[in-house]
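Chemist: Below are the sequence and a predicted model for it; my questions follow.
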Amino acid sequence: MTIAPEQLAPETDTQLQLLVGDEWLAVCPLSRLVPGRGLAALLPDGRQAALFLDREGRPYAIDNRDPFTGAQVLSRGLLGSLAGRPFVASPLLKQRFDLGSGRCLDDESTAVTAYEVRLH
């Protein structure tokens, strides 16, 4: 499922916010995220962000677009960790992307945008 920020109902729930450009954007109530599963959010400029909570409840956001296929699928990938660092494996070709940096763990020349996140 992909959500757009303007579709969010006003809630008293903690909001996950992304730093997009120089502004913080509320993209998702924290209650919509399930640890270990992703959710896609539509950003105002038309891009999509893949939102995640790791098993410890820490939030992450990266571009949802898989740079190897062009498909908007990273939010549907499998979460794992390598040397204590969380990653998502693309559901298509299985390349792994570090959730903190966006760096591809299987191809050093490739990365996706990793967004700064906060709970507000």
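Modeler: Nice, I can see it. Just so you know, these numbers come straight off a predicted model, no measurement behind them. Residues are numbered from 1 along each chain as shown.

Chemist: In terms of pLDDT, where does residue 8 sit?
Modeler: pLDDT, residue 8: 47.

Chemist: I misspoke; the intended subject was residue 24.
Modeler: Taking residue 24 on its own, its pLDDT is 97.

Chemist: try the one 10 residues further on
Modeler: Residue 34 is assigned a pLDDT of 94 by the prediction.

Chemist: Where in the protein is the helix or strand with the lowest mean pLDDT?
Modeler: Least confident helix or strand of the chain, by mean pLDDT, DSSP states H and E, is strand 2-3 with a mean of 54.

Chemist: hey, what's residue 23 bridged with?
Modeler: Taking DSSP bridges as the rule, residue 23 bridges to residue 20.

Chemist: Could you report the neighbour count for it?
Modeler: 9 (other C-beta atoms under 10 Å). C-beta here means a position set from N, CA and C on the backbone, and glycine is covered the same way.
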